[in-house]
Structures are given as C-alpha cells and as structure tokens.
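Enquirer: predicted model, plus sequence, below.
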Amino acid sequence: MKRIVLLAAAISLISLNAAGAPDFTVEQRAACKADYDKFCKGTMPGGGRVLACLNKQHDQLSDGCKKVVDAQNK
C-alpha cells in the first residue's frame, strides 16, 4: 500500500510539472524581478501566470527581462 501511495504522489508531481510552464531559473528571476514587482506583483506563480503577465507588458519590460520572456516563449 505504501508503494502505491508513493507512486501516485510521484506521478502527480510529474504531471503537474509537465503541465505548467517551465520554472524560471535564479538568473531569469533576477533579470525580471523589478519588472515583476512593477507589473505583476499580485500574480500567483504557477501555471504560467507570471509569464503571461510579463507577456502582456512586453513592450515596457527591461531588456534583460524581454530576453528571458522571449526565450520562455520559444
């Protein structure tokens, strides 16, 4: 029974990670922190919501954050 529970938990974690947008690396978060604070502060991370928010403000983002957003959109 313990194996079944562990297997189900592992499958759930894999499914959640595959379904969502890739996480930002430490460097990417640093490049977009000021833009996130300015445009997306109330956005809950997960499910691609931060990336979607930053995309809406693309023209106003810093150059470094634009590169991160563009790379995530490929």
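Expert: Structure's in. What do you need?

Enquirer: any idea which residue sits dead centre in the chain?
Expert: Note on the chain: the residue nearest the mean C-alpha position is Asp23, at 4.3 Å, using Cα atoms, centre = their mean.

Enquirer: for the chain, give me the ranges with low pLDDT.
Expert: 1-22 (pLDDT under 70).

Enquirer: swap the cut-off to 50 and go again
Expert: Residues of the chain that meet the criterion pLDDT under 50 lie in 5-20.

Enquirer: tell me how far the residue nearest to the centre of the chain lies from Arg29.
Expert: 9 Å (Cβ to Cβ, to the nearest Å). Every C-beta, even on glycine, is put in place using the N, C-alpha and C of the backbone.

Enquirer: cool, and Tyr36?
Expert: In terms of Cβ to Cβ, Tyr36 sits 8 Å off from Arg29.

Enquirer: with Cys40 instead?
Expert: Separation of Cys40 from Arg29 (Cβ to Cβ) stands at 12 Å.
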